[in-house]
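*Asks:* The sequence and its predicted three-dimensional model are supplied below.
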Amino acid sequence: MATPTALPAAPAQPAGTRAIPDGDERSRLAITLAFHRDQIGLLNSALRRNRDIVQIRLVGTTLIMLNHPDYMQHVLVDHHENYDKD
């Protein structure tokens, strides 16, 4: 299943969709090594920079974290069949 590239904007944003921001600008290898050293720290710093939604590109996979109830509703309830949550 293809990874979705955009979600509806949160209510504070204009209507429509927006791209998912990267949680870190380092290379995938550097991010993967940082993730293995301190998973919680990397995830917390990514969410501090991009409060509602963030993607972290690791070697071999991409993580997308949601931190806004509207996004969770969209992914987990309204359109659950479109998203791979494994």
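*Replies:* Cool, got the structure.
*Asks:* Centre-most residue in the protein?
*Replies:* Centroid-nearest residue in the chain: I64, 2.6 Å away (criterion: Cα atoms, centre = their mean).
*Asks:* Could you measure from that one over to A30?
*Replies:* 19 Å (Cβ to Cβ, to the nearest Å). Bear in mind the C-beta positions are built from the backbone N, C-alpha and C, glycine included.
*Asks:* again with T61
*Replies:* On the measure of Cβ to Cβ, T61 and A30 end up 15 Å apart.
*Asks:* Over to L43?
*Replies:* 16 Å.
*Asks:* Look at the two and report which has more neighbours.
*Replies:* Using other Cβ atoms under 10 Å, the more surrounded residue of L43 and A30 is L43, with 17 against 12.
*Asks:* Tell me the secondary structure of the more buried one, please.
*Replies:* Secondary structure, DSSP: H, G, I helix; E, B strand; the rest coil: L43 is helix.
*Asks:* element containing the nearest residue to it once chain neighbours are set aside, please.
*Replies:* Once flanking residues are discounted, L43 sits nearest to M65: 6.6 Å by Cβ to Cβ, 6 or more residues apart in numbering. Per DSSP states H and E, M65 falls inside strand 61-66.
*Asks:* Looks to me like Q55 is in a strand.
*Replies:* Yes. Counting by three-state DSSP, Q55 is part of a strand.
*Asks:* what bridges to it?
*Replies:* Listed by DSSP bridges, the beta-bridge partners for Q55 are D22, I64.
*Asks:* Number of residues surrounding it?
*Replies:* 18.
*Asks:* next one: V59
*Replies:* V59: 12 surrounding residues under other Cβ under 10 Å.
*Asks:* How about R49?
*Replies:* Using other Cβ under 10 Å as the criterion, the residues surrounding R49 number 13.
*Asks:* And the helices in the protein?
*Replies:* For the chain, applying DSSP state H gives helices covering 28-37, 39-49, 69-73.
*Asks:* Ok, which of the ones you listed comes nearest R57?
*Replies:* Evaluated over these, closeness to R57 peaks at helix 28-37, with 5.3 Å, by Cβ to Cβ.
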